[in-house]
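In: here is a sequence together with a model predicted from it:
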Amino acid sequence: MKVSIAQLHSTDDIESNLATIEEMTAAAAADGADLVVFPEFAMYDLPQPDHRFVEVAQPLDGPFTGALRKLAARHGVVIVAGMLETAEGEDRAYNTLYAAGSDGAYLAHYRKVHLYDAFSARESDLIRASDAIGPVLFEVAGTVVGLSTCYDIRFPESSRELAAAGADLIVLAASWVPGPRKEDHLRVLSRARAIENTVYFLTACQAPPVSTGGSVLVDPMGIIVGELGERPEVRTFEVDKERIAGVRRVNPSLTDRRFEVRRLQPAEEVR
């Protein structure tokens, strides 16, 4: 399966962001990608989040996701992109990943579970945490893809839950806030989540100045397959299920563990 990382620099202009998403999707399709992954807040982002995050939020079946579905169908690829989703009856929004199928249909969505109330930030002032308990996965070209968002990477159980549910590739969409050692944290944590779960781990990050850049794809042995720099760009890589099987033969840590991930009933939103 071929996957493209689309590292973009989203702004407060949704239409401009969609135009860039279209250009990057076309480039990914030209490279033969089956899946193209955009960052967290691909729809709309600001260097410093404020009340506008709530004001611009759209429903899950709104114009932004409609545009993603049309693009996915036009280019015959699966698109994953971050959006701000309306939270009914709330003065906050959901931080949501939306997956559009290559046939132009809704495929899946994931609402961020762990909110970034750290490093002096307060995401929970603007964003409502998901009530979902359980993994969000879908299949692309025979490869099972699991969804996660930004701060989730600092909670190993989030990735383990996806791996235990059968993910071959864990996708993390991020707008990783710059700061001391932050770029190093993202790289190290991406490698750690790949190694401990013997999966491919893909981090698609916003480009500077809103974020750190440094999007990366790591293989199940922790080897960096490809890493992007500090500018917007699209790069395409191979995800090889035989590589996963080979690594798990020599490193059967998922089957050797002496406890099981607690399997909880998923909330209605992830069914």
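Out: Perfect, I can see it now.

In: this protein: helices as residue ranges?
Out: Listed from the start of the chain, the chain has helices (DSSP state H) covering 14-30, 52-55, 63-75, 156-164, 182-197, 241-250, 253-256.

In: CA atoms only for the first one - export them in PDB, please.
Out: C-alpha atoms of helix 14-30 as PDB (Å, rounded to 0.1, in the frame of the first residue of the first chain):
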ATOM      1  CA  ILE A  14     -10.700  27.500   4.700                       C
ATOM      2  CA  GLU A  15     -11.100  27.900   0.900                       C
ATOM      3  CA  SER A  16      -7.400  28.500   0.500                       C
ATOM      4  CA  ASN A  17      -6.700  25.500   2.600                       C
ATOM      5  CA  LEU A  18      -9.000  23.400   0.500                       C
ATOM      6  CA  ALA A  19      -7.200  24.600  -2.700                       C
ATOM      7  CA  THR A  20      -3.900  23.400  -1.200                       C
ATOM      8  CA  ILE A  21      -5.400  20.100  -0.100                       C
ATOM      9  CA  GLU A  22      -6.600  19.600  -3.700                       C
ATOM     10  CA  GLU A  23      -3.100  20.300  -5.100                       C
ATOM     11  CA  MET A  24      -1.500  18.000  -2.700                       C
ATOM     12  CA  THR A  25      -4.100  15.200  -3.200                       C
ATOM     13  CA  ALA A  26      -3.500  15.400  -7.000                       C
ATOM     14  CA  ALA A  27       0.300  15.100  -6.400                       C
ATOM     15  CA  ALA A  28      -0.200  12.100  -4.100                       C
ATOM     16  CA  ALA A  29      -2.500  10.400  -6.700                       C
ATOM     17  CA  ALA A  30       0.100  11.100  -9.400                       C
END
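
In: who touches it?
Out: Contacts to helix 14-30, defined as C-beta atoms under 8 Å, 6 or more residues apart in numbering, come from residues 4, 6, 8, 10-11, 36, 38, 42-44, 56, 64, 67-68, 71-72, 75-77, 79, 81, 232, 234, 236. Every residue, glycine included, has its C-beta placed from N, CA and C.

In: mind checking which of those are buried?
Out: By neighbour count, with 16 or more other C-beta atoms under 10 Å, the contacts of helix 14-30 hold 4, 6, 8, 10, 36, 38, 42-44, 56, 64, 67-68, 71-72, 75, 77, 79, 81, 232, 234, 236 as buried.

In: reformat the helices of the chain as a markdown table; add mean pLDDT and distance to residue 87.
Out: Rendered in a markdown table, the data for these read as follows (pLDDT from 0 to 100; distance: least, C-beta to C-beta, whole Å):
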| stretch | mean pLDDT | distance to residue 87 |
| --- | --- | --- |
| helix 14-30 | 98 | 18 |
| helix 52-55 | 97 | 9 |
| helix 63-75 | 98 | 15 |
| helix 156-164 | 95 | 21 |
| helix 182-197 | 97 | 27 |
| helix 241-250 | 98 | 36 |
| helix 253-256 | 91 | 35 |
